[in-house]
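1. Here's my sequence, what's the structure:
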Amino acid sequence: MKPRLLVTGGAGFLGTHLLRRARYFTATGTRHSTTATAIPDVSFHVCDLQQAQEVRILLDRVRPGIIIHTACSDQGGNLSAIAPTAGLLAIQSAERRIRFIHLSTDQVFDGSEAPYNKDENMVTVPKQVLQGLIWNSELAVAGLGKMEEVVGHQCRELQRYIDAGAKPCGLGARDTLRLEVCYPLNGSDLSPTRTPRSAGLGFAVSLTKECGFIGWDVVMQEKEDGFKERLMALAYTGKGAPPRAHYEVYTKGGSC
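-> Predicted coordinates:
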């Protein structure tokens with residue numbers, strides 16, 4: 001099944017170019033007032049991207065995994081909508097965990113004259129109105145992680161589960177669950193300084209294939225010399241907090 005791709009501004013120069021080359025995707029384009037060029041295996045939806053409800057309906061219908069947002073044209077378009085539209089799409093993409101890619105058009109930079117310059121205080125400044133609006137839309141997308149709308153959505157979702165009877169938990173709960181079944185944690189139990197065999201994952205590493213793999217010689221040497229260290233599972237005799245990486249383990253003979 002092909003991944004689903006949504007290209008906004010699909011009737012524009014850049015959008016049309018992308019959709020014509022989207023043969024590895026189930027591709028959909030949006031248009032507003034401009035008539036779109038017919039492209040084989042590509043469907044188009046009329047959508048006013050300034051309207052949050054229309055955008056929600058579009059995303060629920062298309063269910064894309066990736067959105068490529070091509071900036072609004074300056075040819076008769078509503079320039080004041082450029083930045084808010086980018087922000088709206090980015091927020092709704094984040095809510096649905098859709099990968100959002102924001103692009104500018106060739107009308108921002110024609111390849112000859114740079115669209116930005118530096119003022120006397122070495123601050124980057126757009127040269128024209130359209131470039132300034134595109135700049136603002138890029139700032140809106142770049143600052144998405146700090147936007148209150150996203151945080152508010154996450155809080156509302158959490159409250160919805162709490163109201164249904166769920167209890168909030170943190171990393172301690174995650175560690176308890178994974179340690180009970182001996183699931184390793186990447187970056188902690190698994191790292192570039194620990195081999196798969198020393199982490200207890202020798203079953204996933206073949207030492208008989210002739211092709212080998214990156215680090216094969218290190219693993220073979222370890223097999224001959226034995227382990228310098230090895231992760232081991234521990235069984236609690238009573239209730240307690242999950243152990244952390246810096247905790248010491250004591251035996252009857254002392255610390256080990």
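2. all contacts plus neighbour counts: C-alpha atoms, from now on.
-> Will do.
3. show me where pLDDT drops low in the stretch 151-256 of the chain?
-> Within the stretch 151-256 of the chain, the segments meeting pLDDT under 70 span 151-155, 171, 210-211, 245, 254-256.
4. For the stretch 1-150 of the chain, which segments are assigned as helices?
-> According to DSSP state H, counting those that start in this stretch, the stretch 1-150 of the chain carries its helices in the segments 13-20, 52-62, 82-96, 129-142, 148-163.
5. any idea how this structure splits into domains?
-> 4-154, 191-256 (automatic domain parsing).
6. where along the stretch 151-256 of the chain do the strands fall?
-> Secondary structure of the stretch 151-256 of the chain by DSSP state E, counting those that start in this stretch: the strands cover 250-251, 254-255.
7. who does the first one pair up with?
-> Read that as strand 250-251. Paired strands of strand 250-251, with direction, are strand 254-255 (antiparallel) (DSSP bridges).
8. related to what we said a few turns ago, among the domains of the chain, which is nearest Pro168?
-> Among the domains of the chain, domain 4-154 comes nearest to Pro168, with 12.8 Å by Cα to Cα.
9. so of the domains of the chain, which one's packed in deepest?
-> Highest mean neighbour count among those (mean count of other Cα atoms under 10 Å): domain 4-154, with a mean of 16.
10. I'd like the distance between Trp216 and Phe25.
-> To Phe25, Trp216 is 37 Å away according to Cα to Cα, to the nearest Å.
11. cool, Gly10 as well?
-> With Cα to Cα as the criterion, Gly10 and Phe25 are 15 Å apart.
12. I appreciate the help and will end here.
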